[in-house]
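In: sequence unknown, structure follows:
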């Protein structure tokens, strides 16, 4: 959904986010909705300014989100509050799951298919009966056990998945959901989360009351949800709530991921990520059947749904990268693509640095010594590199670790012992370069170069382009086949000015795609081909530069006050400039808006097309009453009916239950955080059995129940200081507003420990100790969990030793662990020790 | 200032009465315009008048994507404000966005290439061209020494695990594209990650 669409919501739940403080300008749409009568709810471990502006604040223990959301799912189902016409037609609630399926309610906290030896699941028993369902997620197979049925997606073209619209079948998703969440009662919610059951019920009621034909609700989250060992499943739980309540693809409905960096969405779409090629194509993996292009396409391409077009996107990408060298005879240079052998995300990368596997490292506008977990471990790793290149605009903790790091300060290491060769290259900043960035609602906006970057500061585009030119030159005369990719790589971008700045728009034109024969721009990804006649660097962005001289990301025509409010003339939203994904769901199965108040797109019988206030996310001319002719074994979009809005799924239905693609189970289940002072009240299984744990020297976990670490520790940002912190810590205004680090402690815990407001404290875990001043505040309250008091302690993680606003690095305390699906580290719920005083001087030095 | 102190008492009183806004406010003049006027304010001019260039910016911090207008004079930024046309922010900015100019002009900004040789205790300033060539050479050497064409069992991987790249979420799409293309598609690097996963 678009940020501004939040203003159309009747109920907004902010959870896992402190939106008012961290996305202040986005929050104005929440306030606008509230002025129009919407109920605003904040669920959070800490009372923040978001809570202060909410109509309803519910405190919870950090890391107990699935228990809370599971309680809402149960409340909706048991009280029959779901939007039946929507969910029955558009989700898989009636689908029948394979016979062997068993949930954690009957299988000791595990789903069926768990292999104790490898610690991973097989998804065979999670499938629709008689089907193999492909996952729309490109990274789904990195750790998933191989299944004999992998790649047999043809079963989806033989007929629709079996369903029971009466919802009586014991293995239909509705009945499985009811069984799964039966134990998530309001009493249990209170026991696990610490939220009083009356408050919890008010939240559940408000969400249910504000959904249906006439009303919609939205859920906003941020890294308060992703930074857990069950992060993906927390978000999944929200999507079940929204699927049941009919809050997807409709005005004011949806799930808003509030992302933290200016183009973090863009760098996910056009990924500087290990497991994907541009716009969500899977990076080939040697342990999958990816040896040749035909194998790769065969096992990765779903037979049905939009993703059946994948071969066109893959071949067009190869053509964009390898140009004339890519021919049908050599599989379009597919062998050039490096193959994965496992998880190479940031946490394993840190381990690779520490173990010496990594030789050279580029750090481009990131500051892992503040932003990554277990800062001392990272610092040791940096010292084992042969060389390190840091590009930033001011000194960072990462760049001068060898001179001023914590290990140096403590005397554990001396600069003379550190071999790492370090390059600091000054970077041009926004306003000093042009290019496009993608915001949190997929809005791609161009920005101009207005002024000159000082001295030797250059854009990252300049750096990577000129590095590439030099490397191509160094490899120009090689006869080795391994050097083929760098030799073949297309690298012709026009240069401008004395600094020979490459033209950013030329790169955007390549991302958009062009016809190989004529060089003219491709106007839409529907025109991409798998025969080598088109080249396209990122199919989802196709349409952003549809013809010569027309950069849609530059477009700046907002709707007027009486306009539709979708602002289709303001920049470009991928794909195809549509602002709300799956907006076919804004109309009923017959193609009529669910209500006049909540209309977005609809079927126009006269013109025989979909039309409305947004660009339809559907085949424009597909009638609502279209049904696949199963006798013809339909493929691609032909296998989806005119009333199947979720076109990226193989059967066009939203998945309340996920048959393929998740490594830790088809349904969200409450496990305790990897470090928790509490025994899991819901299952005998304490933590997510598939969570990523990398215990080793320097990265030990606080043992469960260890009296040294009795408190829940959570971290967060501040309005004035941003993430890794350097840009805002060197900015005089913001540094003055938040001059130094602090830890928030409740008055009760402060009294118990003898901590005074603004007095020094020491926080500790097995990863390290930090000293920081206390902010004694009622923003944090002790919670009663499973019959006893649990204290929570919170600290901003944005401080470091550089810049004007300084203080302890909170992430020193955290361990390198990973969510089962994404390998995202846990920062929002670990355990810690706390005492008044300072670290002994000797140790501090 | 020194000149005003030497004025006679009469002139100073007259000047004060002329500048004093309270009587004008009591008389009903607006505190936002005429009642706020003084001799000093009459000599003030908006700094935007000095700008010789204005362009569209996008706030570089969180992912809300607020529009900014960046004003520059002779190649240097002189003012940054919210873009009133943007449906995202309608001219507003949060404390970070409103401080963008302070970031661009921060005295802490480093604008030369710094180099730290192995075991050195201090940075040294180096030419950009020298650093680029050395980085290219070091990249090639690390790649050549760690590149694997196959696994021991003969399966083709064509990758290097000895080189890594972190970062991207603060950068433009075009920059991310070239990083993935050069490092992944050209050099066979797989350890490419950014802030999206942390």
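Out: Here it is on my side, so go on. These numbers were taken from a predicted model, which means no experiment stands behind them.
In: going forward, measure contacts and count neighbours with C-alpha atoms only.
Out: Fine.
In: run a quick neighbour tally on residue A:22.
Out: 25 (other CA atoms under 10 Å in any protein chain shown).
In: if I pick it, what's in contact with it?
Out: A:717-719, B:62 (CA atoms under 8 Å, 6 or more residues apart in numbering or on different chains).
In: list only buried entries from those residues.
Out: Buried residues within these, defined by neighbour count using 16 or more other CA atoms under 10 Å in any protein chain shown: A:717, A:719, B:62.
In: the last one contacts residue A:222, doesn't it?
Out: In other words, residue B:62. No. Residue B:62 is beyond contact range of residue A:222, at 11.3 Å (criterion: CA atoms under 8 Å).
In: quick one, domains of chain B?
Out: Following automatic domain parsing, chain B resolves into domains at B:2-43, B:47-104, B:124-197.
In: let's have these in JSON lines, adding distance to residue A:286 and mean pLDDT.
Out: Formatted as JSON lines, the domains of chain B follow (distance: least, CA to CA, whole Å; pLDDT from 0 to 100):
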{"stretch": "domain B:2-43", "distance to residue A:286": "69", "mean pLDDT": "80"}
{"stretch": "domain B:47-104", "distance to residue A:286": "35", "mean pLDDT": "97"}
{"stretch": "domain B:124-197", "distance to residue A:286": "6", "mean pLDDT": "97"}
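In: distance to residue A:100 for those domains - can I get that in CSV?
Out: Listed next are the domains of chain B as CSV, based on distance: least, CA to CA, whole Å:
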stretch, distance to residue A:100
domain B:2-43, 74
domain B:47-104, 43
domain B:124-197, 34
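In: quick one: closest of these to residue A:421.
Out: Closest to residue A:421 of these, according to CA to CA: domain B:124-197, at 10.1 Å.
In: check the offset of that closest one from the chain's centre.
Out: Put simply, domain B:124-197 sits 26 Å off its chain's centre (CA atoms, centre = their mean, to the nearest Å).
In: same check on stretch A:622-635?
Out: 34 Å.
In: picking that back up, now do the shared contacts for residue B:62 and residue A:222.
Out: Counting by CA under 8 Å, 6+ apart, the residues touching both residue B:62 and residue A:222 are A:259-260.
In: mind listing the strands the strand of greatest length in chain B pairs with, and their directions?
Out: Longest strand in chain B by number of residues (criterion: DSSP state E): strand B:156-166. Strand B:156-166 has the following strand partners under DSSP bridges: strand A:360-364 (parallel), strand B:147-150 (antiparallel), strand B:189-193 (parallel).
In: among those, which comes closest to residue B:53?
Out: Here strand A:360-364 is closest among the strands paired with strand B:156-166 (CA to CA), at 28.9 Å.
In: which other residues reach the closest one?
Out: By CA under 8 Å, 6+ apart, strand A:360-364 touches A:385-392, A:460, B:138-139, B:142, B:162-168.
In: how many residues are close by the closest residue to residue A:351 other than its chain neighbours?
Out: Closest residue to residue A:351 apart from its sequence neighbours, by CA to CA, 6 or more residues apart in numbering or on different chains: residue A:381 at 7.5 Å. If you count neighbours by other CA under 10 Å, residue A:381 ends up with 19.
In: in a strand, residue A:381, correct?
Out: No. Membership of residue A:381 in a strand is not supported by DSSP: H, G, I helix; E, B strand; the rest coil, which gives helix.
In: please enumerate the helices of chain B.
Out: B:2-5, B:9-19, B:22-26, B:39-43, B:95-98, B:100-104, B:128-146, B:173-179 (DSSP state H).
In: follow-up on the earlier one: got the angle between the longest strand of chain B and helix B:128-146?
Out: If you take axes from the mean of the first three to the mean of the last three CA atoms, to 10 degrees, strand B:156-166 sits at 140 degrees to helix B:128-146.
In: residues contacting residue A:495?
Out: Contacts of residue A:495 (CA under 8 Å, 6+ apart): A:501-503.
In: return the subset of these lying in strands.
Out: A:501-502.
In: can you add neighbour count and pLDDT and give the contacts of residue A:495 back as JSON lines?
Out: Formatted as JSON lines, the contacts of residue A:495 follow (neighbours: other CA atoms under 10 Å in any protein chain shown; pLDDT from 0 to 100):
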{"residue": "A:501", "neighbour count": "19", "pLDDT": "98"}
{"residue": "A:502", "neighbour count": "21", "pLDDT": "98"}
{"residue": "A:503", "neighbour count": "17", "pLDDT": "98"}
